[in-house]
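Enquirer: here are the coordinates; sequence isn't available:
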């Protein structure tokens, strides 16, 4: 394990290098907040990737299985820092192909990728000058994963984004010096104080974030996590947010950079008071639309990191309908993949990505750039709207061939999104607007009726 002296030396080198100027290819024109957020608001659909040394563990230690997410293996399976260090030293994902990963995301209809540069375990997936607990120095792989993924994203027109954990179970100034006696349940207990944490924040965390913002081109989003620990303060959060915006003014930062979110539901309890550009409801979708930017992050099965015995897979139908539901309420959908230790996406994930890609290719007009509609949620599905058009996403196709819209919808023209040349007959009544549709649903999961509005 690196000594505190060596860590201090690495941190000093990183800060000096940053001051001398890293190779930075990011754009410099500062945008207004709305301009800065626009690409993200229009994108709607992104890929979350949880990947690290925990991916070779698979959430198991002998007969013991980690409860919850496999990415918490170090804690849930009671590894000490010294015991756990063998896994980064074994991490050799020889089947990792950044171009293939990005292509799968793009083909699924995703517009941005968020990769865990460092999760709670502390192991870094890039060539960090602040520590040797990284992919280049500790692992036999010796390839900068963040660099390869950033380049693949740029080449294929996908926004590159990274996740960074405020928690660090390896660093001696963060939580690492207390393992195995550090109680995760006390992370948010104000009476449990780590006086060395400010040193970690200043000399380790900020220099690492600067590396990621300086050496890998334009970064769309910095996605923080671990904000719940009592050692991390709102003053640190605001300082970090400003620090990021000084380096890359147009980068978007999630609300977990600060202390505002209420528990794990991800939305700030006092909008406008805390730093961060969007809320992050985790594993859930709000019941109604929210008058602020938000992104629902969700797993395909029950875990973020790779866990081969977790077979609680959501169906393709469920995932597509979740995408529609989220967009209909004004949000984004960040859907997770947990690659294995070799660098492979699980076959179950690939099948679901393919299904989502087929649907978004046919119906993307009703998703990308769309907003919530002013109408209440219909029994048969959801509405989205864009540029004077209302899109009716029909989950339950009407058996009688008549789709019932809200009575206030003023129809200029109605068609099936996938058959724009065949106009559908409509009739406005005092109670509803009726649309004659084919008896058979055009799509077995979600069919979309496009309504051009007269008003």
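Expert: Everything's here; your move. If you're wondering where the values come from, they're calculated on a predicted model, not measured in any experiment.
Enquirer: model confidence at residue 82, what's the number?
Expert: pLDDT for residue 82: 93.
Enquirer: wait, a helix at it?
Expert: Yes. Using DSSP: H, G, I helix; E, B strand; the rest coil, the assignment for residue 82 is a helix.
Enquirer: give the burial count for it, as a bare number.
Expert: Residue 82 has 9 neighbouring residues, counting by other CB atoms under 10 Å. Heads up, the C-betas are built off the backbone N, CA and C, glycines and all.
Enquirer: OK, contacts around residue 443?
Expert: Residues near residue 443 by CB atoms under 8 Å, 6 or more residues apart in numbering: 359, 362-363, 418.
Enquirer: backbone phi and psi for residue 35, please?
Expert: phi -60, psi -40 (degrees, to the nearest 10).
Enquirer: residue ranges in this structure under the pLDDT threshold?
Expert: The chain contains residues with pLDDT under 70 at 1-28, 177-190, 263-264.
Enquirer: switch the cut-off to 50
Expert: Scanning the chain with the threshold set as pLDDT under 50 gives 1-26.
Enquirer: tell me which two in the contacts of residue 443 are the farthest apart.
Expert: Using CB to CB, the pair of the contacts of residue 443 lying farthest apart is 359 and 418, separated by 10.7 Å.
Enquirer: for those two, indicate the residue with more neighbours.
Expert: residue 359 (25 against 13).
Enquirer: in the protein, which spans are helices?
Expert: With DSSP state H as the criterion, the chain has helices at 4-20, 33-43, 73-76, 81-84, 86-90, 98-107, 145-156, 197-200, 206-214, 234-247, 316-328, 347-363.
Enquirer: would you format those helices as JSON lines with distance to residue 405 included?
Expert: What follows is these, written out as JSON lines (distance: least, CB to CB, whole Å):
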{"stretch": "helix 4-20", "distance to residue 405": "56"}
{"stretch": "helix 33-43", "distance to residue 405": "25"}
{"stretch": "helix 73-76", "distance to residue 405": "49"}
{"stretch": "helix 81-84", "distance to residue 405": "57"}
{"stretch": "helix 86-90", "distance to residue 405": "55"}
{"stretch": "helix 98-107", "distance to residue 405": "33"}
{"stretch": "helix 145-156", "distance to residue 405": "38"}
{"stretch": "helix 197-200", "distance to residue 405": "55"}
{"stretch": "helix 206-214", "distance to residue 405": "47"}
{"stretch": "helix 234-247", "distance to residue 405": "43"}
{"stretch": "helix 316-328", "distance to residue 405": "14"}
{"stretch": "helix 347-363", "distance to residue 405": "18"}
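Enquirer: looking at the ones you listed, which one is packed in the most?
Expert: Greatest average neighbour count among those goes to helix 73-76 (a mean of 24), per mean count of other CB atoms under 10 Å.
Enquirer: can you tell me which helices and strands that helix packs against?
Expert: Contacting helix 73-76 under the criterion 3 or more CB pairs under 8 Å, 6 or more residues apart in numbering; DSSP states H and E is no other helix or strand.
Enquirer: what does that helix contact?
Expert: For helix 73-76, the external contacting residues (CB under 8 Å, 6+ apart) are 54, 57, 59, 61, 66-68, 79, 84, 120-121, 169, 179, 184, 305.
Enquirer: I'd say residue 381 and residue 392 touch.
Expert: Yes. Using CB atoms under 8 Å, residue 381 is in contact with residue 392, at 6.7 Å.
Enquirer: so who does the closest residue to residue 440 other than its chain neighbours touch?
Expert: Spatial nearest neighbour of residue 440, excluding adjacent residues (CB to CB, 6 or more residues apart in numbering): residue 397 at 7.8 Å. Each residue near residue 397 by CB under 8 Å, 6+ apart is listed here: 380, 437, 440-441, 447.
Enquirer: by neighbour count, which of these wins?
Expert: Of those, with other CB under 10 Å as the count, residue 447 tops at 25 neighbours.
Enquirer: that residue touches residue 416, doesn't it?
Expert: Yes. Between residue 447 and residue 416 there is a contact under CB under 8 Å: 7.2 Å.
Enquirer: now, which of the contacts of residue 397 lie within strands?
Expert: Among the contacts of residue 397, DSSP state E puts residue 447 in strands.
Enquirer: farthest pair in the contacts of residue 397?
Expert: In these, two members sit farther apart than any others by CB to CB. They are 380 and 440, at 15.3 Å.
Enquirer: rewinding a little: using ChimeraX, define a selection of the buried residues within the contacts of helix 73-76.
Expert: A single ChimeraX command selects the buried members of the contacts of helix 73-76 (16 or more other CB atoms under 10 Å):
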select :54,57,59,66,79,84,120,121,169,179,305
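Enquirer: now, the contacts of helix 73-76 that are in strands?
Expert: Members of the contacts of helix 73-76 lying in strands (criterion: DSSP E): residue 61.
Enquirer: what's the closest of the contacts of helix 73-76 to residue 160?
Expert: Closest to residue 160, out of all of the contacts of helix 73-76 and judged by CB to CB, is residue 305, at 20.8 Å.
Enquirer: the closest one and residue 55 touch, don't they?
Expert: Yes. Using CB under 8 Å, residue 305 makes contact with residue 55 at a distance of 6.0 Å.
Enquirer: nearest to residue 406, out of the helices of the chain?
Expert: Closest to residue 406 of those is helix 316-328 (CB to CB; 13.2 Å).
Enquirer: how far away is residue 425 from residue 159?
Expert: 42 Å (CB to CB, to the nearest Å).
Enquirer: neighbour count: the two, which is higher?
Expert: Between residue 425 and residue 159, residue 159 has the larger neighbour count (other CB under 10 Å), namely 20 against 10.
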